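Visitor: Quick check, what structure comes out for this input:
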Amino acid sequence: MNTEELELLGDSKYRNYVAAVDKALKSFEYSSEWADLISALGKLNKVLQNNAKYQVVPKKLTIGKRLAQCLHPALPSGVHRKALETYEIIFKIIGSKRLAKDLFLYSSGLFPLLVNAAMSVKPVLLSLYEVYFLPLGKTLKPGLQGLLTGVLPGLEEGSEYYDRVARWEYMDVLDS
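Guide: As a prediction, the model looks like this:
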């Protein structure tokens, strides 16, 4: 926990938020099929949205692991889309500075997804990259190799996302 999170622990409403996140995360433990995962993600989304006034996401390591698990290639696209919705909620809450700091937590599940993603998931994933990751500029550098490896399938000749990915500006990240 960083100092900001430690200070927030003095706030009873923040402690309730942490407890609600813990409870939402417990629902992942009892998931036995993909529909349970969608339900668990929905609970987590609701807790995060109801507490968006805090620019900190408690239990972020566990949340990052659960989200990455929800992007497993064997799971259906509905789970992937719901997980991407959760990522977007988190990214809106934490902002770009915290995303850059916690890049390793959230990129481990997102960057490898494109190669195995369903057609309905790919545009949502690419939008997350465009809206939240590419604007990080030089602060994306520690995760740039993972991002580039992840988007390479989108740069294959004939790929329907070739033009979209090829237009991205990497130069502000690569210049140092």
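Visitor: List the neighbours of stretch 153-162 that are in contact with it.
Guide: 114-115, 122-123, 126, 164-166 (Cβ atoms under 8 Å, 6 or more residues apart in numbering). Where you see a C-beta, it was placed from the backbone N, CA and C, and this is true even at glycine.
Visitor: Out of those residues, flag the one nearest to Gly95.
Guide: The shortest approach to Gly95 among the contacts of stretch 153-162 belongs to Leu126, at 20.9 Å (Cβ to Cβ).
Visitor: give the contact list for the closest one.
Guide: Contacts of Leu126 (Cβ under 8 Å, 6+ apart): 114, 151, 154, 161, 164-165.
Visitor: pretty sure Pro142 is touching Leu103, no?
Guide: Yes. With contact defined as Cβ atoms under 8 Å, Pro142 and Leu103 form a contacting pair (6.2 Å).
Visitor: of those two, who's got more company?
Guide: Leu103 (21 against 13; other Cβ atoms under 10 Å).
Visitor: my read: Leu67 touches Tyr87, true?
Guide: Yes. Using Cβ under 8 Å, Leu67 is in contact with Tyr87, at 6.3 Å.
Visitor: picking that back up, of all the contacts of Leu126, which two lie farthest apart?
Guide: Across those (Cβ to Cβ), the longest gap, 11.5 Å, separates Leu114 and Arg164.
Visitor: Before we move on, what's the pLDDT of Asp175?
Guide: pLDDT, Asp175: 57.
Visitor: Could you do Trp168 as well?
Guide: pLDDT, Trp168: 79.
Visitor: so who does it touch?
Guide: Counted by Cβ under 8 Å, 6+ apart, Trp168 has contacts 129-130, 134, 151.
Visitor: residues contacting the residue lying closest to Leu113 once chain neighbours are set aside?
Guide: The shortest distance from Leu113 to any non-neighbouring residue, by Cβ to Cβ, 6 or more residues apart in numbering, is to Leu71 (5.1 Å). By Cβ under 8 Å, 6+ apart, the contact list for Leu71 reads 79-80, 83, 109-110, 112-113.
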